[in-house]
Every structure is written in structure tokens, then in C-alpha cells.
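Q: Next come a sequence and a model predicted from it.
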Amino acid sequence: MTSLVSQCSNLADNVNNILSILAQEANLTIDTNVIEVSLKKAIAPKFEIVFAGAFSAGKSMLINALLERELLYSAEGHATGTECHIEYAEPEAEKVVLTFLSEQEITEQANAIYPLLGIFIKGEPIPLI
Ligand SMILES: Nc1nc2c(ncn2[C@@H]2O[C@H](COP(=O)(O)OP(=O)(O)OP(=O)(O)O)[C@@H](O)[C@H]2O)c(=O)[nH]1
Ligand SMILES: [Mg+2]
């Protein structure tokens, strides 16, 4: 699962070599941060896939179909109804972690997300409390 295809086995070395060559070019101003972040993602043993959609769009059913097991509850109406993270676990180490947030924590998260979504009232983020 963690093995890389042969063309990518030296990816980090190759990219870092190119970055060090670029760094020697005084005339070039390149923001290498985006390359470094992309490299980190490319060689990471884990990666994320986001399934987002309206309520009852069929996200849980699609994930169950891809996993070939009935892992997530799927039904009409608001079935999952919350953010849900799934990651690989060895068969005997599978577990479910439920995290309950207080009203204060939910409010803080919402207040942090509103500006990122561009939701403002009279130029100010919407205050929930
Ligand atoms: N006809 C049809 N029904 C589907 C399909 N995918 C899902 N459904 C039905 O749509 C309903 C909602 O499916 P879910 O997978 O629970 O939807 P969800 O997006 O996870 O919903 P929430 O968790 O509430 O956001 C269920 O009754 C499914 O049986 C599909 O491809 N075709
Ligand atoms: Mg769901």
C-alpha cells in the first residue's frame, strides 16, 4: 500500500534537486512553497478524497459501494447529518470515534468558516453569539 510506482520512487530527490538548481538562478523568482506542498502530498502514504453534496444526494451509498461494504448508514432524509472521516484500519483494529461538540465549539467553527465562504453582513462576518 505504501510502495510507489517505479517512476516515482526518487520523486522527492528529483524534485529537490530541481529546486536546488532553481535556487542557484538569481534571475528566477519562483515561489517554491506550492511545489514543496505538492511534493509532500504526492509522496505521502495517505491522501484525502472529499465527498461533498446536498443532503440525501447519495454520498454514503456511493462510499459504501466503493468500499464494497455497508459501512455508512444510508437512508432518505438527513441520514449522516455531520462531517464524517473514514480511514483505513487493520481488520481487528477497526473502531468508531464519535465527537460531540458543544454549542460554543460549533459557534466558533461556524464563525471561522463564514469569512472563508465569503458570508458577511455589512462587511463583517456573521456573529452567531
Ligand atoms: N435512485 C437512487 N437512489 C439513490 C442513489 N444513491 C442513493 N440513493 C438513495 O438516496 C437516499 C439517500 O442516500 P444517502 O447515501 O444516505 O445520501 P447522503 O448523501 O449520504 O445523505 P446525508 O448523509 O443525509 O447527507 C437513500 O434512500 C438512498 O437509497 C442512486 O444512485 N439512485
Ligand atoms: Mg450520508
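A: Happy to help now that I have it. Ligands and ions are numbered 1, 2, ... in the order given.
Q: Now do the most centrally placed residue in the chain against residue 41, distance only.
A: Here the mean C-alpha position of the chain is nearest to the C-alpha of residue 48 (C-alpha atoms, centre = their mean), at a distance of 4.7 Å. The spacing between residue 48 and residue 41, counted by C-beta to C-beta, to the nearest Å, is 9 Å. Placement of C-beta: from N, CA and C, glycine included.
Q: now swap in residue 8 and tell me
A: For residue 8, the distance to residue 41 - C-beta to C-beta - is 12 Å.
Q: Kindly report the same for residue 111.
A: Counting by C-beta to C-beta, the gap from residue 111 to residue 41 is 29 Å.
Q: Show me which of these two is the more surrounded one.
A: Remark: of residue 111 and residue 41, residue 111 carries more neighbours, 14 against 11, as counted by other C-beta atoms under 10 Å.
Q: Which pLDDT value belongs to the more buried one?
A: At residue 111, the model reports a pLDDT of 83.
Q: Am I right that residue 115 is in a helix?
A: Yes: counting by DSSP: H, G, I helix; E, B strand; the rest coil, residue 115 is located in a helix.
Q: if I read this right, residue 41 contacts residue 47, doesn't it?
A: Yes: between residue 41 and residue 47 there is a contact under C-beta atoms under 8 Å: 6.7 Å.
Q: So what touches stretch 20-32?
A: residue 19 (C-beta atoms under 8 Å, 6 or more residues apart in numbering).
Q: Report the buried residues of that stretch.
A: Of all the residues in stretch 20-32, not one is buried under the rule 16 or more other C-beta atoms under 10 Å.
Q: With just CA atoms, put that stretch into CSV.
A: Taking Å, rounded to 0.1, in the frame of the first residue of the first chain, the C-alpha atoms of stretch 20-32 are listed here in CSV:
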residue,chain,number,x,y,z
SER,A,20,18.2,23.5,-5.6
ILE,A,21,19.2,24.1,-9.2
LEU,A,22,16.4,26.7,-9.5
ALA,A,23,17.6,28.3,-6.2
GLN,A,24,21.0,29.0,-7.9
GLU,A,25,19.4,31.0,-10.6
ALA,A,26,19.4,34.6,-9.4
ASN,A,27,17.2,35.8,-12.2
LEU,A,28,14.4,33.5,-11.3
THR,A,29,11.9,34.3,-8.6
ILE,A,30,9.8,31.2,-8.1
ASP,A,31,7.5,30.5,-5.2
THR,A,32,8.7,27.0,-4.3
